[in-house]
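>>> Kindly generate the corresponding structure for this input.
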Amino acid sequence: MPFWTVGLASAQTLVDDRGVAITIDKPPQRIVSLLPSLTETVCALDACDRLVGVDDYSNWPEAARQLPRVGGLEDASVERIVALRPDLVLLAKSARVTGRLEGLGLRVMALEPKSMKDMERVLGKVGQVLGREPQAHALWRQLDAGVSETAAQVPKRARGKRVYFEVNSAPYAASESSFIGETLARLGAANVVPASLGPFPKLNPEFVVRANPQVIMVGDRNAVALSARPGWDTIDAVRDNRVCVFTAAEGDVLVRPGPRMVEAAQIMARCLEKHFP
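Purely as a prediction, here's the structure:
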């Protein structure tokens, strides 16, 4: 049962990822989401109809594509957000507009999952906010089971292979402590980027050369001329052409910590199976 009843006088107080307490007296009906993973989470809990605006990058599910756009992480338009009259704005901890929105009296909740534990917590918290906590818990169990089912189908030969997952060409990588790294671990892969560097560290390219991954996973925009990077032609994955290049749509699935995590696991599992059947 939700933590409130329609017409209930008492309010519910939740703490967001900034440690800020947010008081909510009833489930919000006009939500602006400024993070694609949060947009997808709201929709996965059958509340897409409560979204009145989204960031420029929210493109799934199809219903989200039809909503008004209010900018991105760095350039969200306060004016456009205010004009949508939201009773809740969901955004990342790093969003620049948080203070301005709160200064204008808008209710803001920052939720930014980086690990699977975070994903479970954020899904549950969004479920609480929407008055759909039981559905959120049920969805998490379904997602977690789906990843385990995918992992069970990974060929034994692929297990233990050294994998480098590049998030951005700086290069930024997904380490063992990120949700991507945790998914790789559940698939039986050995991530060459340790958790001690943080979830998504910026690496010296020489680090990857020394780590010598057997498989590289990278988006199509960053995959151009991998072998032209100094020393990278000596990496096993590059030399043996074990590089999985993901489309932009696949990249969205992979780098968003949300309800498409099973699909993300399946994409990575197919990569491992392709090179180590």
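>>> Give the helix, strand or coil label for Cys244.
strand (DSSP: H, G, I helix; E, B strand; the rest coil).
>>> How about it: what's its closest non-neighbour residue?
Nearest residue to Cys244 in three dimensions, chain neighbours excluded: Cys271, at 3.7 Å (Cβ to Cβ, 6 or more residues apart in numbering). Where you see a C-beta, it was placed from the backbone N, CA and C, and this is true even at glycine.
>>> With Lys114 as the reference, measure out to that neighbour.
Note on Cys271: its distance to Lys114, by Cβ to Cβ, to the nearest Å, is 22 Å.
>>> ok, those two, which is more surrounded?
The residue with more neighbours, out of Cys271 and Lys114, is Cys271; 24 against 19, by other Cβ atoms under 10 Å.
>>> Point me to the helix or strand that includes the more buried one.
Secondary structure assignment for Cys271, by DSSP states H and E: helix 261-275.
>>> and that helix, what does it pack onto?
helix 133-152, helix 179-186, strand 215-219, strand 243-246, helix 248-255 (3 or more Cβ pairs under 8 Å, 6 or more residues apart in numbering; DSSP states H and E).
>>> and the helix or strand just after the first one with helix 248-255, angle?
Past helix 133-152, further along toward the C-terminus, the next helix or strand under DSSP H and E is strand 162-168. Strand 162-168 and helix 248-255 are oriented at 110 degrees to each other (axes from the mean of the first three to the mean of the last three Cα atoms, to 10 degrees).
>>> Pull up the per-residue confidence for Phe276.
On the pLDDT scale, Phe276 is placed at 97.
>>> Quick check: the gap between it and Asn212.
The spacing between Phe276 and Asn212, counted by Cβ to Cβ, is 16 Å.
>>> more neighbours, those two?
Phe276 (18 against 15).
>>> Pretty sure Arg157 is one of the things that one touches, is it not?
Yes - using Cβ atoms under 8 Å, Phe276 makes contact with Arg157 at a distance of 4.5 Å.
>>> hang on, the earlier thing: quick one: which of the helices and strands packed on helix 261-275 is nearest Ala63?
Counting by Cβ to Cβ, Ala63 lies closest to helix 248-255 out of these; the figure is 15.8 Å.
>>> For that closest one, buried residues please.
Neighbour counts over helix 248-255 (16 or more other Cβ atoms under 10 Å) mark Glu250, Gly251, Asp252, Val253, Leu254, Val255 as buried.
>>> Format those as a markdown table; extra columns: distance to Gly231 and pLDDT.
Formatted as a markdown table, the buried residues of helix 248-255 follow (distance: Cβ to Cβ, whole Å; pLDDT from 0 to 100):
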| residue | distance to Gly231 | pLDDT |
| --- | --- | --- |
| Glu250 | 27 | 97 |
| Gly251 | 25 | 96 |
| Asp252 | 30 | 96 |
| Val253 | 31 | 98 |
| Leu254 | 26 | 97 |
| Val255 | 26 | 96 |
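>>> For Met217, state which of those residues is nearest.
Checking the buried residues of helix 248-255 one by one against Met217 (Cβ to Cβ), the nearest turns out to be Leu254, at 8.0 Å.
>>> Can you tell me the closest non-neighbouring residue to that closest one?
Ala264 (4.9 Å).
>>> Which of the buried residues of helix 248-255 sits closest to Gln29?
Nearest to Gln29 among the buried residues of helix 248-255: Asp252, at 27.3 Å, using Cβ to Cβ.
>>> Against Ala138, how distant is that closest one?
For Asp252, the distance to Ala138 - Cβ to Cβ - is 25 Å.
>>> cool, and Cys271?
From Cys271 over to Ala138 the distance is 29 Å, taken as Cβ to Cβ.
>>> what does Phe207 give?
To Ala138, Phe207 is 41 Å away according to Cβ to Cβ.
>>> More neighbours: which of those two?
Each of Phe207 and Ala138 has its neighbours counted (other Cβ under 10 Å); Phe207 has more, 15 against 12.
>>> May I ask which helix or strand encompasses that one?
Assigned by DSSP H and E, Phe207 falls in helix 205-211.
>>> Pull the residues that contact that helix.
Helix 205-211 is contacted from outside by Arg162, Tyr164, Pro171, Ala173, Val192, Val193, Arg229, Pro230, Gly231, Trp232, Thr234, Ile235, using Cβ atoms under 8 Å, 6 or more residues apart in numbering.
>>> If you count neighbours, what's buried in that helix?
So helix 205-211, judged by 16+ other Cβ under 10 Å, has buried residues Val208, Val209, Ala211.
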